[in-house]
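S.K.: only geometry, no sequence info:
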């Protein structure tokens with residue numbers, strides 16, 4: 001599978017570049033055509049570069065890809081289905097991080113304060129979003145962002161255990177994923193937001209997913 005890693009990485013970079021350009025120009029058709037290849041390229045890169053290949057990581061990437069596909073059509077039902085797929089993805093990422101984590105090495109203060117910080121950040125974000133969200137989506141979306149925060153917490157717990165670049169790179173990638181999801185909510189629902197295009201959403205998402213995978217490969 002190693003022969004695949006560089007062509008698939010090239011696919012990821014090319015698809016991401018074209019997609020980001022289409023996002024800047026608000027070219028919806030080109031965005032939809034390039035979006036599937038971003039995670040396909042990243043998944044192929046992981047399969048070619050990782051040794052060993054971890055099933056939970058592959059499943060996390062697959063459900064992220066599925067979430068991408070489900071978010072393409074308009075409508076609340078599609079948005080909800082995409083959110084569920086991404087929740088499954090976060091769960092598999094957490095499972096992947098736990099395999100490298102020794103919780104005995106993590107200070108109690110970190111175990112308490114880090115989750116509290118992500119919960120607080122989620123609550124602040126949704127305080128601004130609440131007037132703009134459909135009533136039926138408020139609590140499910142808040143729960144989703146808190147789950148993303150949990151994925152971030154486990155990424156940082158892993159970073160403390162692993163140390164070095166492998167831990168920090170994945171944790172930074174997870175944080176970018178949190179920024180991406182938060183930005184998406186404002187683009188999608190907050191009509192007066194300064195975020196008018198999906199450029200920031202997809203830049204932080206693509207780079208975040210890549211850094212998460214790179215840190216897992218380096219480990």
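M.R.: It's in. Predicted model, so just to flag it, every value in this text is computed and none were measured.

S.K.: So, low pLDDT: which residues of this protein?
M.R.: Along the chain, the model assigns pLDDT under 70 to residues 1, 192-193.

S.K.: So which residues of it form helices?
M.R.: 5-24, 28-49, 55-71, 76-98, 108-129, 138-162, 164-189, 199-218 (DSSP state H).

S.K.: Name the residues that touch the last one?
M.R.: What that stands for is helix 199-218. 12, 16, 19-20, 23-24, 38-39, 42, 45-46, 49-50, 54, 57, 61, 64, 93, 96, 155, 165-177, 179-180, 183-184, 187, 195 (Cβ atoms under 8 Å, 6 or more residues apart in numbering). All C-beta atoms are positioned from the backbone trio N, CA, C, and that covers glycine.

S.K.: where's it relative to the chain centroid, distance-wise?
M.R.: 7 Å (Cα atoms, centre = their mean, to the nearest Å).

S.K.: Then the third one?
M.R.: In this view, helix 55-71 has its centroid 10 Å away from the chain centroid, taken as Cα atoms, centre = their mean.

S.K.: how about the residue nearest to the spatial centre of the chain, what does it touch?
M.R.: Central residue of the chain (Cα atoms, centre = their mean): residue 177, 3.7 Å from the mean position. Contacts for residue 177 (Cβ under 8 Å, 6+ apart) come out as 148, 151-152, 204-205, 208-209, 212.
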